[in-house]
Every structure is written in C-alpha cells, then in structure tokens.
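Asks: just need the structure, nothing else, for what follows:
(2 chains)
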There are 2 protein chains.
Amino acid sequence: MPVKPIKWVGNAADGHIWIIDQTRLPLEHVELELRETSEMYDAIKRLAVRGAPLLGVSAGYGVMLGIQKAKDTPELMNALEKTADYLAGSRPTAVNLFWGLKRMRAAARENSELPADELRNRLLEEAIKIQEEDIQLSREMGKNGVQFINDGDAVMTHCNAGALATGGYGTALGVFFAAKEAGKDFSVYSCETRPLLQGARLTTWELMQEGIPVTLITDSMAAALMKAGKINAVMTGADRVAANGDAANKIGTYSHAINARVHDVPFFIVAPLSTIDLATPSGDQIPIEERDPSEVAGFRDVRVAPEGVDVYNPAFDVTPAQLIQALITDAGVAEPPNLETVAALFG
Amino acid sequence: MPVKPIKWVGNAADGHIWIIDQTRLPLEHVELELRETSEMYDAIKRLAVRGAPLLGVSAGYGVMLGIQKAKDTPELMNALEKTADYLAGSRPTAVNLFWGLKRMRAAARENSELPADELRNRLLEEAIKIQEEDIQLSREMGKNGVQFINDGDAVMTHCNAGALATGGYGTALGVFFAAKEAGKDFSVYSCETRPLLQGARLTTWELMQEGIPVTLITDSMAAALMKAGKINAVMTGADRVAANGDAANKIGTYSHAINARVHDVPFFIVAPLSTIDLATPSGDQIPIEERDPSEVAGFRDVRVAPEGVDVYNPAFDVTPAQLIQALITDAGVAEPPNLETVAALFG
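Replies: Now for the predicted structure:
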C-alpha cells in the first residue's frame, strides 16, 4: 500500500497536521507536526510537501490551522479568508493549491449560518474529503492509464508523481501501481530530476517499496536511452494543464517530450481534472515559478559552482499538447489532448 | 590567460607531473605531484585530469613516468610499451589518449638507436611538444570558430571543453576565448552536466576568470530556454568523432543537439583533428564507457538515492552528424560534417 504523506490528527478545534518531510527522504524518515499556518506555508515553500494533488490536500488542512482559535462564525470566516490568501502565496504555479483553497472557501460560505464549532467540524470533513477523493481519483487515473502499459515495457518518468505527490496513491505512479496490481510485467526508468532530485529520492523509493523494478538515470540520459530503444513510453504528472492540453510540469519534461516524439516513443501526462485550468487558454499563459539560485549552484548541502555565478532556475516548463499522445485523468482519457477532448472530460 | 592544467617539472630522468586536481575545483584549489604511472592512471580514471585533448597531453607525460628508471635503451623501449598499454586502460572512449600514446611509441621507435638518456630527453621534448602543439591547435580552432559567434549571442555549452580540458586553452571554450579577444559581445549558458558537474564547477569558473558573462543552468533546462528564444547557438567539444562526422561527447550532448534542431538553433562541435578517428566509420562503432553507479546515486560524498537502487551510468552519447551544423577543427571547418568534408580536413 503506497504511503500517505499527510494526515490531520485530532479534532477540528484542537488538532494538527502530520507530514513526512519529503526533503529528507529516502535516507532519513522525518515526521513533522504542523500547528501554525506559517509552518504549513514553509512546508509548501521548501517542498517538504510537494506535488500538485498533494498541494490541494495541503490547502484543505492548512486552512484548518488558521481557524482553530476563532470564537464565533464571523471571526472564523475572516480567519479563513486571510489564511487562504496567505497560503496561496507559497507556490505561484500550483493550480491545485488554489483549487483546494477555493473549495474550502466555498464550503465555508455555504455553511456560514452554522455556529463556529459546527462550521469548523464541517470544514474538517471537507478537508478530509479532499484527501479521500484524491486517493479515489488516483485510483481512477490508474484504471484509465493501465491500458497504455504493456508487458515487457520500460516506462520512463520524471520528478515524482506518486503517493508522495498526492493524497496517497499517485498520478503517473498511480498508473504504475495499478499496472502492478493488474499483474503487468514492466520496469521503470526514473530521471533524477535536477535540481531537487525528486526522481532520485522519492520515485525510486516509492517504486522499490512496491516491488516495481526501477533504474535511476540522470535527466540528460533520456535521449540516448530512447535512441537505443530502451524506453517504450514516458509518463509524467503535471502541475497545470491549460484548456488546449498544454501541460506545465517539472523543468525537463518538455525536453523528454521532444526526445520522445523524435524517437517515436509515446508521451503521456497523468493528472486529475483539478489540475486542468480551463481559464488558462494555452501554456503561454501559465506563470513559471523561478526558484532560489542555490538549488542549481549546489547539490543538497554541497556547494559546487563558484561563488557569485549567475543562475537561472525555472521550476517548470510547458509541454505543448501536440507532443502529448494522451492526457490520462480520473474522468477519462483525452487522446490526443486538444480544446475539444479536454472540454469533453468535464462532460 | 587561461590556466595550464598540467606541466612536467624537472628533467627527463628525474622529474614529475604537476596537475590541478579538477575533481576539487572551483571551491578548492588542490595541486598534485604525480611520480608513479599508477598515480597518472588514477588521476585519469577519477577525472582529476579529463577532457579529450588533455588526455592526449597526459599520455605523453604519463609515459615519461614509466621510463625514468630504465638503464638502457631496450629496457626503456620495453618500459614504454608496458606503460602505454597500462595507461590505455584508464578511459576506453578516449581516442586522444590512444593518440598521445601512439605518438610517444612512434617517437621512441624512430629514435631507438639513441642511448637511453638521449632517447629519454628526446621523448620529453615530444611530450612537451604535444602540449605546446595542443595549445596552438586550440588557438587555430578559436580562429576557425569565431565566425559562428555574433554580437548579442547567448551560446550554450555542455561539460567543460576549456583550458582545463586541453593543454591550456580550450576547444569550445577556446572559441569563446577567441571571440572575447576579438571584442565580440556575447554571453554563455553553461549546463551543469550531471553526474560530475563539470559545467557547474569548471566551465563557469574558467569563463568567470576570463570575464565572459555566464549563467548556470541544469541540463534539463536547455529545451525550455531554446523555446523561449534565449539561446542562439550550442557549442560543445567531443571525445571522439567518427569518419562520417558522428560525435561522441559527454552524456546529454545528444539531447541538446535534438533540442537545438527542433528549435532552429545551430549546433557546433569543436575538436582537434586528433579527436577524429577515421578508423571508426560511424558513431555506432564508438564504445561507450559506463561509469560507477555511485556517481548518479549521489554527488561526491552526498548520497541521495535509496541504498540498493539500480543505476545506469553511460558517460557519453553519440550525436549523429546530421544534427551538427559544423565541425570546427584546427585544420578548418567541416560544414556540414560528412564522410567527404571530414576526409577533406586531413588534406
């Protein structure tokens, strides 16, 4: 059973968030208890919790931390709005984070006639529901994606789109878990994913725990492996998908998609509907977060580049829909993804 | 003036090799004195000296270490052959290493009528000549390549093809140094070059020392930068070029060449004639060195991947000639490189 990377502990008025600190995995297993909204903000900012769907779940529980002390409903509503605005600033590309915050806001507004304690309980139910639904959505994605993995395949993935990136199952890795459950015989190449090495640290760890054969490579090896015929498919998650099917994901994904196309390897994006932002017409409108130069200038705590060197550190790139064979979601598959097939997912 | 990464110190019968330990740059400046052939072998193996042309220079001086104690000419000739065979095993893809060893062998055989002391002096002259010629060749490559850099260009490079990779000037970086000397106004993107980070550590350091603006990126960012129109040309060195113009270079180069083609960015290889192996018909025949898994599972002493994870670590990939706009050598430019234009370089 894939891990759950986040849980709410306690009741609505006096509880806390439990997380695994993903910056320390796999060599250290550090669990944290978050009691202040600023601790949740920092955990998101420094990627102790990361992954698009998990940020939606984190939004729900994060809001709960901000409303625990509210004495009456007006105070609670006010604290909720303030907390949601504050948490939205932690990761500018993360549409799931905004989606989770919006859902909590909507739940609060719908129930604003309730007294504070009842409203708080109702909101904790909503936050837990976001997580449970997310696990269910992952399982739906797994079901919808398993058709694209064949016996004998080696499938490449980038970054971590696993249980650690979700409420507890995975998007791209959810398809791998489902394929394993379906008895398929396949293996995975995990790209290390510089600069923060989520592939080397998290994806390898999750797959090894589930007994799925995995080989670690640097991001730069993908093209040579494809040329050698060693990769049969590429599957990654996404941080935001535009209405036309363009997909923003971890930096390096776009290069993999180009290499896949050039070598006739099918490239898939696996993401829940909540990752699709119909208000964003195309990938050109997706803002790209730039992160701290020190992530590139070093490797974990080891500084490698000369002091004072200029660094460019975009966290994401955009893969145009034309390079994506299919967009696999909980609501079905858009193949190929375009304005019409993506809209059809929303029924 | 770019650094000299290797020197012979002392005379032919009682001298040693001085090197900068390139595994420690740029944050530590460690100089080593090598007195045994095994120390030279290890320095090559662990990349304390690295870069195709520098391996040719290292071959010359390395041979000298093996013949210092020989009492007569037959003993010297025997020691020379044994040393050359031994050093050839340190890096299987490095055609320049074999070229340097062959040149020392040839010089010995041509002068095998000399007494041991005179022969040894003659061989030290040859080894020094390899280095001096290499610097001269770098300057010729610079002259031949400078036409491809325009004012306002941002040129991307991979790995380190600079003074530290040569006798003391550089192949791809030699073109940058020549462009700077010619007063051109341009900047460089240096790909960090996982797993050993020669781009982050060595290329940035060399360019900063010469006052050339440089920005460090991860290898995975290249495609996104090209799409954004931020890169006007790509220039790298090569470890071996086949007769048809296919070029083996540091892993990741092939991916850059594909991305360059897709985004209409010209891609150049800069390499001396000694890197061209006419006995190798195409890139398919170039053996690819696989290196230790620990290089990918971490960096230096920092382990990041789970214990026991499988790793694939090819050190090089092959870029087909069709993706190379021009092969820039000391003997002229093959544009585009193919069987005919490459043969023409040899006059």
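Asks: okay, and for chain A, where does confidence drop off?
Replies: Of all residues in chain A, none has pLDDT under 70.
Asks: the same query, at a cut-off of 90, please.
Replies: Within chain A, the segments meeting pLDDT under 90 span A:1-3, A:52, A:92-96, A:274-275, A:289, A:301, A:347.
Asks: ranges for the helices of it?
Replies: A:37-45, A:52-66, A:73-88, A:95-110, A:116-145, A:172-181, A:198, A:204-209, A:222-227, A:253-262, A:294-297, A:339-345 (DSSP state H).
Asks: of the ones you listed, which is nearest A:Ala331?
Replies: Among the helices of chain A, helix A:339-345 comes nearest to A:Ala331, with 4.7 Å by Cβ to Cβ. C-betas here are computed from N, CA, C, even on glycine.
Asks: quick one on the thing from earlier: mind checking which of the helices of chain A is nearest A:His158?
Replies: helix A:253-262 (5.4 Å).
Asks: quick one, the closest one and helix B:253-262 angle?
Replies: Inter-element angle recorded for helix A:253-262 and helix B:253-262: 80 degrees (by axes from the mean of the first three to the mean of the last three Cα atoms, to 10 degrees).
Asks: show me the domain layout of chain A.
Replies: What automatic domain parsing lists as the domains of chain A is A:6-139, A:146-344.
Asks: including mean neighbour count, could those domains go into JSON lines?
Replies: Putting these into JSON lines (neighbours: other Cβ atoms under 10 Å in any protein chain shown) gives the following:
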{"stretch": "domain A:6-139", "mean neighbour count": "19"}
{"stretch": "domain A:146-344", "mean neighbour count": "22"}
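Asks: can you put those domains in CSV and add distance to B:Val241?
Replies: Below are the domains of chain A laid out as CSV (distance: least, Cβ to Cβ, whole Å):
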stretch, distance to B:Val241
domain A:6-139, 41
domain A:146-344, 17
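Asks: chain B: which of the ones you listed is closest?
Replies: Closest to chain B of the domains of chain A, according to Cβ to the nearest Cβ: domain A:146-344, at 2.9 Å.
Asks: now the terminal residues of the closest one, how far apart.
Replies: Using Cα to Cα, to the nearest Å, one end of domain A:146-344 lies 21 Å from the other.
Asks: how about the domains of chain A in a markdown table, adding distance to chain B?
Replies: Below are the domains of chain A laid out as a markdown table (distance: least, Cβ to the nearest Cβ, whole Å):
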| stretch | distance to chain B |
| --- | --- |
| domain A:6-139 | 4 |
| domain A:146-344 | 3 |
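Asks: do you know how far A:Ile149 is from A:Gly183?
Replies: Applying Cβ to Cβ, to the nearest Å, the value for A:Ile149 to A:Gly183 is 11 Å.
Asks: one more: A:Ala326?
Replies: Using Cβ to Cβ, A:Ala326 is found at 22 Å from A:Gly183.
Asks: next one: A:Thr253
Replies: 29 Å.
Asks: ditto for A:Ala172
Replies: For A:Ala172, the distance to A:Gly183 equals 19 Å [Cβ to Cβ].
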